[in-house]
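>>> based on what follows, work out the 3D shape:
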Amino acid sequence: MKRNVLTAKQVATRLGVKIETIYAHVSRGALGRTIADDGKTSRFDAAEVERLARHGRPRADGARVGTVDVSLATSITEIHGDHLLFRGRDAVELARTVPFEDVAELLWGGSPVERPAPWSAPPEGLRVARAAVAPLPRATSPVERFAVIAAALACTQPLRGDLRPATVIAHARSLIAAFVALLPFAADTAPRKVTAASIAQRLWPRLSPLAATADGVAILDAALVLLSDHELATSTLAARVAASTRADPFSVVLAGLGAVAGKLHGRAPRAVHELLLHAAASSPEAAVARALDEGGAILGLGHPVYRGTDPRAAYLLRRLAPALKRDERKRLDDVVRIASGGAAVQPNVDFALGALAFSMRMPLGSTEAIFAIARTAGWIAHALEEYGEAPLRFRARAVYIGPTPAPEDAVKTRPFTPTRS
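So this is what the prediction gives:
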């Protein structure tokens with residue numbers, strides 16, 4: 001069974017030093033090591049390596065009092081400088097050349113160019129899930145809708161507790177397909193049946209009232225690829241914690257959905273979408289002023305992980321530019337300029353996703369659907385990896401800061417009597 005350890009070569013890559021320097025750290029006591037099962041090669045604790053790395057190169061937001069910094073060894077995603085890599089492949093290049101389904105298969109440990117037939121949910125599961133979401137108000141958010149779908153679909157799968165990779169991946173394909181199939185159409189005139197093969201093609205009429213074009217669907221597909229994973233984002237950590245308890249993949253996705261529903265995570269692009277709608281209805285200045293009055297900060301700018309540019313945002317905005325009218329491009333530039341207040345910050349992927357929704361006339365909330373569908377692929381990848389680790393390895397300790405008991409209370413237990421109102 002795997003452990004959260006790195007090889008000397010992996011440590012050298014993470015620290016940006018030669019292997020000889022690694023052993024110099026060991027000799028000085030700055031880094032511990034263990035011997036692998038072969039009795040020869042060294043293994044290093046990933047958390048200790050990460051602490052050493054960040055001592056010399058901290059995150060852009062710095063250490064904050066009260067935060068919890070978790071470091072795990074993973075072979076799924078790497079953020080290297082201003083590059084995002086999926087299993088060693090550049091995510092931007094994948095977004096340019098490979099569809100979302102193939103990237104999901106890559107994240108799950110397979111090949112990025114060989115995948116099965118178009119994804120679909122089992123008919124019985126789809127019937128039960130459709131009945132479960134039917135009473136929901138149309139205004140129900142996509143993340144809330146997906147949570148109902150995941151729970152309903154799980155109840156129809158007697159082998160949902162089978163955590164072998166092939167079974168987990170089959171469930172993942174059906175779950176993503178069900179998420180798309182059970183989203184309402186964006187326009188009343190949309191076709192009642194969408195037979196297109198790809199997830200992006202099926203998703204388009206459920207998000208945009210505009211007619212699907214090859215370029216539009218390609219941009220949506222690229223967004224799904226680039227959002228499919230991002231190292232240990234909060235929702236991914238939540239999914240891994242659930243997987244460590246050996247929760248089934250449906251429950252793992254539910255854990256991820258719970259975290260991604262936060263307004264500072266999966267809902268952040270919605271705030272950007274609203275900002276751009278207000279800018280179109282009034283002016284960029286008025287829209288930024290309103291956002292500052294309501295929330296005190298503008299989401300969609302800067303990123304705590306990347307030193308300079310978020311590569312996902314740069315690519316999506318570049319792909320989106322030809323689809324924008326001249327006044328729309330100017331409005332986006334003005335919003336960034338005014339919101340940044342002259343600081344040298346760049347748009348992040350939240351801004352790019354909000355801009356995509358705005359330009360494609362998507363209703364508010366569509367960004368949540370794109371984000372959650374894409375990230376489900378990543379959550380399943382991390383669940384598969386976590387299933388290979390020792391179970392229940394996440395056990396944080398609390399520092400008690402409550403009232404200190406009186407001396408007599410420390411040696412005897414007194415019954416608690418509730419007060420009556």
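
>>> Ala339 sits in which helix or strand?
Using DSSP states H and E, Ala339 falls within helix 326-340.

>>> okay, now Pro135: neighbour count?
Number of residues near Pro135 (other CB atoms under 10 Å) recorded here: 8. C-beta here means a position set from N, CA and C on the backbone, and glycine is covered the same way.

>>> using the three-state scheme, assign it.
Recorded secondary structure, Pro135: coil (DSSP: H, G, I helix; E, B strand; the rest coil).

>>> which residues in the stretch 151-300 of the chain form helices?
Assigned by DSSP state H, counting those that start in this stretch, the stretch 151-300 of the chain shows helices spanning 165-181, 199-207, 214-227, 234-244, 249-260, 268-281, 284-295.

>>> so which of those is nearest Asn348?
With CB to CB, the closest approach to Asn348 among the helices of the stretch 151-300 of the chain belongs to helix 268-281: 8.7 Å.

>>> before we move on, the earlier item: worst average pLDDT in the helices of the stretch 151-300 of the chain?
Per-segment confidence across those bottoms out at helix 284-295, which has a mean of 90 in mean pLDDT.

>>> list the contacts of that helix.
271, 274-276, 278-279, 281, 298, 331, 334-335, 338-339 (CB atoms under 8 Å, 6 or more residues apart in numbering).

>>> hmm, which of the residues you listed are the buried ones?
The neighbour count (16 or more other CB atoms under 10 Å) marks Ala271, Glu274, Leu275, Leu276, His278, Ala279, Ile298, Arg331, Asp334, Val335, Ile338, Ala339 as buried among the contacts of helix 284-295.

>>> please report how far the third one lies from His303.
This points to Leu275. Taking CB to CB, to the nearest Å as the criterion, Leu275 is separated from His303 by 17 Å.

>>> list the buried residues for the helix or strand containing Ile22?
Secondary structure here is read from DSSP H and E; on that basis Ile22 sits in helix 19-27. Taking 16+ other CB under 10 Å as the neighbour-count basis, helix 19-27 is seen to contain the buried residues Ile22, His25, Val26.

>>> flag the least confident of those residues.
Of all of the buried residues of helix 19-27, His25 carries the lowest confidence score, 74.

>>> you'd agree that residue is up against Val49?
No - in this structure, His25 sits apart from Val49 without contact. The criterion is CB atoms under 8 Å, and the distance is 9.4 Å.

>>> next, show the common contact partners of those two.
Listed contacts common to His25 and Val49 are Leu31; contacts here mean CB under 8 Å, 6+ apart.

>>> domains of the chain?
Taking automatic domain parsing as the domain assignment, the record places the domains of the chain at 5-73, 81-393.

>>> okay, those domains, which one's buried deepest?
Each of the domains of the chain was scored by mean neighbour count; the highest is domain 81-393, a mean of 19, by mean count of other CB atoms under 10 Å.

>>> okay, now that one: how far is its last residue from its first?
According to CA to CA, to the nearest Å, domain 81-393 extends 29 Å from its N-terminal end residue to its C-terminal end residue.

>>> re earlier: contact partners of the helix holding Ala339?
By CB under 8 Å, 6+ apart, the list of residues contacting helix 326-340 from outside reads 275-276, 279-280, 284-285, 287-288, 291, 298, 300-301, 317, 321, 324, 347, 351, 355, 358-359.

>>> 10 Å instead, please
Outside of helix 326-340, the residues that reach it under the criterion CB atoms under 10 Å, 6 or more residues apart in numbering are 272, 275-276, 278-280, 283-289, 291-292, 297-302, 317, 320-325, 345-347, 351-352, 354-355, 358-359.

>>> so which of the helices of the stretch 151-300 of the chain comes closest to Leu31?
Ranking the helices of the stretch 151-300 of the chain by proximity to Leu31 (CB to CB) places helix 234-244 first, at 24.4 Å.
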